[in-house]
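Colleague: Mind folding the following:
(one chain, ligands or ions: 1)
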Amino acid sequence: MLILHTSDWHLGATFHDRARDQDEDHALDQIVAVARDRRVDAVVIAGDVFDTANPGAAEQRRWYRTLQRLVEEAGVGSVLAIAGNHDSGLRLEGPRELLSVLKVELRGLLPRDGDPAASVVPVRDRVGIQRAWAALVPYLREGDLLRPGDDLGTDRAQRLALALHRRWGEVRGAVPAGLPWLAVGHAFATGGSLGGSEAPVLVEVGNLGQAEVAALADGCSYAAFGHLHRPQAIARREHWRYSGALLPTGFDEAGQERSIVLAELPNDGGPAAVEVVPLRPYRDYRRLTGSRDAVLTQILALPAAAADGPVPWLQAILHLDQPVPGLARTVADAAASRGWSCVATQLHRGGAAAGQVYPAAALPELGGIDPTEVFAMLHRQTYASEPTPELAADFAHLLATVQGR
Ligand SMILES: [Mn+2]
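Modeller: Here you go, the predicted structure:
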């Protein structure tokens, strides 16, 4: 049985205040196409379907339409989804019973006194025959985990980890024997045996800190996790994975490939064979850093964007030692000349950001300081340099005008 694993769609998330409807559609189209062309049996969405607990109408429509396409257009036998920390579990599983009739199983909540067996669902192939089980554990919050009378120690992080592992173990214990099974979770997971540079890269940490994925996934054929945005195996087990996010979530991820996972479950319940399938990006992202001149040179060397294609997005981080009026406009115009859009300009001035000009003990009387000296001190603090003669002359002219001399 072939499983398609994806997560962290974050539908409706803006990127530097810009909507990415077309980017989302472009990625979701590819997921539907892979599910159809590769004859996928079941699709797993491991949390953070939406970016906020209260998604807009357009995002909800995109979500339901994608579910419908996976079932009707791609022909999959099961779609399984859980809530992540960005989702409202209550809202996500609102239509749960209705969608269950339509081959879609949603789990948004697992209350602390809820039956763990309610989180275990059958996974059916394209002709509707059950071939596996799935343990669907949404992102769990403190109130879902701790029970009255619990004595799990005084350290909060350790107490929550123990309670999470207990809950995961209860769900795992509710999986019937006899068929392969999937573990589906949304958490910052570790393998437990790794440390230092081998630990999973921490991209986003939930309230619960770290969790031992084995507590849920031990003995499963495939563990489909969400929450970390970089695609990766967990604890070097190729069949325990984060699929990674649908779209880049920051310019620091420019150039990072986005992907989905295809996992072929063997009938004997052993570990799945895994294939990572890249998603073609809708647009290019680039971050350019350096002095004003260096960044402008790099911008003019960017590949020219096709006039009828998606506009690639640029972030410019400029290191300045002098004020440069109109710089953001200059950078935006240069980007536009190559067909790019500069969606974010960040200025790094060389001086101390919020340091004190004077030591606290030696604050002078304001009336006793010459305005020209105050201007020079501010310049030193902001840019770690002296004002140029031209700038000093401009300031002197301005001061004379203000003072009416
Ligand atoms: Mn998350």
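Colleague: how close does the closest residue to residue 260 other than its chain neighbours sit to residue 365?
Modeller: If the residues on either side of it in the chain are set aside, residue 260 comes closest to residue 6, at 4.7 Å by C-beta to C-beta, 6 or more residues apart in numbering. C-betas here are computed from N, CA, C, even on glycine. Here residue 6 is placed at a distance of 65 Å from residue 365 (C-beta to C-beta, to the nearest Å).
Colleague: what does residue 269 give?
Modeller: 81 Å.
Colleague: Quick check: pLDDT value at the residue in the stretch 101-250 of the chain that the ion sits nearest to.
Modeller: When scored by C-beta to the ion, the stretch 101-250 of the chain has residue 227 as its residue closest to the ion, at 4.1 Å. At residue 227 the predicted local distance difference test score is 91.
Colleague: residue contacts, it?
Modeller: Contacts for residue 227 were tallied using C-beta atoms under 8 Å, 6 or more residues apart in numbering; they are 7-8, 46-48, 84-85, 139, 186-189, 204, 206, 242.
Colleague: May I have the phi/psi pair for it?
Modeller: Reported as degrees, to the nearest 10, the phi and psi values for residue 227 are phi 130, psi -50.
Colleague: Tell me the helices and strands packed up against the helix or strand where residue 295 lies.
Modeller: Under DSSP states H and E, the secondary-structure element containing residue 295 is helix 292-300. In terms of contacts (3 or more C-beta pairs under 8 Å, 6 or more residues apart in numbering; DSSP states H and E), helix 292-300 is packed against strand 285-291, strand 313-320, helix 327-337.
Colleague: picking that back up, the more surrounded of residue 269 and residue 365?
Modeller: Neighbours were tallied for residue 269 and for residue 365 using other C-beta atoms under 10 Å; the higher tally belongs to residue 269 (15 against 6).
Colleague: Hmm, the more buried one is touching residue 180, no?
Modeller: Yes - with contact taken as C-beta atoms under 8 Å, residue 269 and residue 180 are classed as touching, separated by 4.6 Å.
Colleague: Pull up the overlap in contacts between these two.
Modeller: residue 221.
Colleague: Contacts for the helix or strand containing residue 263 next, please.
Modeller: When elements are assigned from DSSP H and E, residue 263 belongs to strand 258-264. Judged by C-beta under 8 Å, 6+ apart, the contacts made with strand 258-264 from elsewhere in the structure are 1-6, 27, 31, 34, 38, 40, 221-222, 224, 231, 239, 241, 243-248, 272-279, 281.
Colleague: For ChimeraX, write the select line for the buried members of the residues you listed.
Modeller: Here is the ChimeraX selection string for the buried members of the contacts of strand 258-264, based on 16 or more other C-beta atoms under 10 Å:
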select :1,2,3,4,5,6,27,31,34,40,221,222,224,231,239,241,243,244,245,246,247,248,272,274,276,279,281
